[in-house]
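> How does the following fold in three dimensions:
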Amino acid sequence: GMTITGALVTHTHQDHVGGSLESWGMPGRIPGVEDLLERVKAKVYVHKAEREFLKGFGSDLVKVDNHDTLKIGRLTLTFMHTPGHTPGSQCFLIDGRLVSGDTLFIGSCGRTDLPGSDPAEMYYSLTQRLAALPESTILLPGHNYGGPTSTIGDEKRHNPFMQFPSLADFLATMGGARIRRP
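Here you go, the predicted model:
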């Protein structure tokens, strides 16, 4: 069998790492990283810009930055900082596959109206960082809103959020009102 030795965090929203929903004005709690660490000894890899949002993990928390790598067996995973949805949003590139969290979806992208999000950063993450990947890169998004997989090439051709000709055009669509926490 396999042993869990680590958890990769694309960003620290509760639907990805678990936790209380009280800060969003909702009751309840989503199980997540904290529950995992109660069961197994594992490292939690989070972008350094979001370290402050994961409290109480101590030495189990590993801060990573853009282009850091992690060996997983014979494979090498590369962390790609893709801010926009959150300040420390990151994707994981491994063996021609991109786990994109809430940065890039099939036919869409992550929200930029939430606290801590930044539409300008999202534009650059999509059009500069991710668009520079090989077109054959397989996309594995954090939510299945438009299908389970795609490729970077297909997204560049069909995803309207990767096709804005300028930051000003992107901001005209995505730079509107912000949701505030209660």
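> going forward, measure contacts and count neighbours with C-alpha atoms only.
OK.
> what about the strands in this protein?
6-8, 19-20, 29-30, 43-47, 61-64, 69-72, 75-81, 90-94, 97-101, 104-105, 108-109, 138-141, 150-151 (DSSP state E).
> Was I right to think V40 contacts I4?
Yes. V40 is in contact with I4 according to Cα atoms under 8 Å; the separation is 7.2 Å.
> ok, now which ones touch the closest residue to T5 other than its chain neighbours?
Spatial nearest neighbour of T5, chain neighbours left out: A42 (4.4 Å); criterion: Cα to Cα, 6 or more residues apart in numbering. Contacts for A42 were tallied using Cα atoms under 8 Å, 6 or more residues apart in numbering; they are I4, T5, G6, A7, D60.
> what's the answer for H67, then?
By Cα under 8 Å, 6+ apart, the contact list for H67 reads T78, F79, M80, H81.
> quick revisit: what's the most buried one of the strands of the chain?
Counting by mean count of other Cα atoms under 10 Å, strand 104-105 has the highest mean neighbour count of the strands of the chain, with a mean of 28.
> and that strand, what's its mean pLDDT?
Across strand 104-105, pLDDT averages out at 96.
> coming back round to it: adding distance to Q163 and pLDDT, write the contacts of A42 out as JSON lines.
Listed next are the contacts of A42 as JSON lines, based on distance: Cα to Cα, whole Å; pLDDT from 0 to 100:
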{"residue": "I4", "distance to Q163": "39", "pLDDT": "88"}
{"residue": "T5", "distance to Q163": "39", "pLDDT": "90"}
{"residue": "G6", "distance to Q163": "35", "pLDDT": "91"}
{"residue": "A7", "distance to Q163": "32", "pLDDT": "91"}
{"residue": "D60", "distance to Q163": "39", "pLDDT": "85"}
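> For the chain, which segments count as helices?
Taking DSSP state H to define them, one finds helices in the chain at 14-17, 33-39, 119-124, 152-158, 167-174.
> can you tell me which of these the model trusts least?
Note on those: lowest mean pLDDT is at helix 14-17, with a mean of 80.
> All set, thanks.
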